[in-house]
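S.K.: Provided below are the primary sequence and the corresponding predicted coordinates.
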Amino acid sequence: MASEDTKDQRLTRIASAIRVIPNFPKPGIIFQDITTLLLDPEAFKDTIDLFVERYRGKDISVVAGEVISEEYSLEYGTDKMEMHVGAVQAGERALVIDDLIATGGTLCAAIRLLERVGVELVECACVIELPELKGRDRLGDKPLFVLVKAD
């Protein structure tokens, strides 16, 4: 991995590229929008590079971003995650990537979907964590890697 100075610069660039939208999608929610990160070529490259550096050599056979479905709760409602039957095979090693962990509902649903078909979870990785919502706690012993913790 890169030196601490380089790593810190990349994490700072990533954090500063994330747009914060108060009271969206409803009052009281502070939405962390990664659209601006995706539109910033340098910050987006930094994000990808950090994930590649972390998972290179980990024998990951599938990266799950997203037909089996699993309903889950969000901090502002409920949603459903779906995965194509046959998209992954029993025994594969999966990395689950999401833009953000808040309450942990999305990651828990993804993990349950993968485990239902016999996939081994290597780790969950997120760009942003909202620590005050304690999603990490909801994951139990499932490993989680986060680039930026939101204030």
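M.R.: It's in. Numbers count the residues shown, from 1 in each chain.

S.K.: got the CA coordinates for the helix or strand of the chain with the lowest mean pLDDT in CSV?
M.R.: Here the helix or strand of the chain ranked lowest by mean pLDDT, DSSP states H and E is strand 68-74, holding a mean of 71. This file holds the C-alpha atoms of strand 68-74, laid out as CSV (Å, rounded to 0.1, in the frame of the first residue of the first chain):
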residue,chain,number,x,y,z
ILE,A,68,-33.3,-13.7,-5.2
SER,A,69,-34.6,-10.9,-3.0
GLU,A,70,-34.1,-9.7,0.5
GLU,A,71,-36.0,-6.9,2.2
TYR,A,72,-34.2,-4.6,4.6
SER,A,73,-34.7,-1.4,6.6
LEU,A,74,-33.1,1.9,5.9
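
S.K.: show me where the protein has strands.
M.R.: Counting by DSSP state E, the chain has these strands, from start to end: 19-22, 30-33, 62-64, 68-74, 77-83, 93-101, 120-129, 144-149.

S.K.: got the angle for the longest one vs strand 144-149?
M.R.: Interaxial angle of strand 120-129 relative to strand 144-149 (axes from the mean of the first three to the mean of the last three CA atoms, to 10 degrees): 10 degrees.

S.K.: and the least confident helix or strand of the chain, which strands flank it?
M.R.: Paired neighbours of strand 68-74 in the sheet (DSSP bridges): strand 77-83 (antiparallel).

S.K.: What is the neighbour count of Thr12?
M.R.: 13 (other CB atoms under 10 Å). (Each C-beta comes from the backbone N, C-alpha and C, glycine too.)

S.K.: repeat for Arg93
M.R.: For Arg93, the count of nearby residues is 15 (other CB under 10 Å).

S.K.: Is it bridged to anything, and to what?
M.R.: Beta-bridge partners recorded for Arg93 (DSSP bridges): Glu120.

S.K.: List the contacts of the least confident helix or strand of the chain.
M.R.: 78-83, 85, 102-103, 105-106, 108-110, 112-113, 116-117 (CB atoms under 8 Å, 6 or more residues apart in numbering).
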